[in-house]
Every structure is written in C-alpha cells, then in structure tokens.
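Q: kindly return the folded structure for what I paste below:
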Amino acid sequence: MLEIAELLSHAEHYNKQKVAVVGAVTKVRSAQTKKGQHVYGFLLEDGNSTVKVVGFGKPTVREGEQVMVEGIFRHYGRPTGAPLSTEIKAELIRPLDRLHPDLVG
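A: Down below sits the predicted model:
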C-alpha cells in the first residue's frame, strides 16, 4: 500500500498502474450519465494529501469512513510535467474495519 503523498509525488511513475491507498472519505458525489449509468466520485484524504477517486455504480462509502481503495491511477499532466489532474479509477473499495488486522498498520 502507498501513502497518498508518495503516489502524488511520483505521479508519472505510477501513471496507469494499479495502486492501493488508505484514507478517509470526503465530499462523496454521485450522478447519472445521459445513458442512465451511475457514477460516483469522492476525495480520499490521509491527513496530509488528497486524491480523487472515481468509479461506476452507486457509492458504497460514507463521509468520514476509513477505507482502502485499489484501482488504476491516472495522471493527466501538462507538457511541463506539472500535474493537471490525478485520480484513481476504483476497482475495489473496502472499509478498514473489514480488513484483516495484519493488513492495517
């Protein structure tokens, strides 16, 4: 598992790679596309850093909940290398209270 700060500080290295991060859920949003597909997004914060998480379906997380997110990290950068946007396309989200105790630091 990565710290969010590590992920963001080496965004080009992790671009298009599967990652796992842990943090608190904030600013949960959901919507429906014109084709009727449900999508969601939220911010994942670990105290020092924040990354956007997006996915398909209805959100299964609540504000303030501590979760582990696994998914594909995307770094959309400018030609100068400065990040324009970063996000994780969630493949798996697990509340920390459901993880095996050996996995939780």
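Q: beyond the top strand by length along the chain, next helix or strand please.
A: Taking DSSP state E as the criterion, the chain has its longest strand at strand 18-32. As assigned by DSSP states H and E, the chain's next helix or strand after strand 18-32 is strand 38-45.
Q: which other residues reach that next one?
A: The contact list for strand 38-45 (C-beta atoms under 8 Å, 6 or more residues apart in numbering) reads 4, 21, 23-33, 50-59, 61, 67, 69, 88. C-beta coordinates here come from the backbone N, C-alpha and C atoms, glycine included.
Q: helices of this structure, start to end?
A: 4-9, 11-14 (DSSP state H).
Q: tell me which of these sits most buried.
A: Each of the helices of the chain was scored by mean neighbour count; the highest is helix 4-9, a mean of 17, by mean count of other C-beta atoms under 10 Å.
Q: from the chain's centroid, how far away is that one?
A: Distance of helix 4-9 from the chain centroid (C-alpha atoms, centre = their mean, to the nearest Å) equals 12 Å.
Q: any idea how far Leu2 is from Pro95?
A: Distance from Leu2 to Pro95, counting by C-beta to C-beta, to the nearest Å: 19 Å.
Q: now the helices of the chain as a markdown table including distance to Glu45?
A: Formatted as a markdown table, these follow (distance: least, C-beta to C-beta, whole Å):
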| stretch | distance to Glu45 |
| --- | --- |
| helix 4-9 | 8 |
| helix 11-14 | 17 |
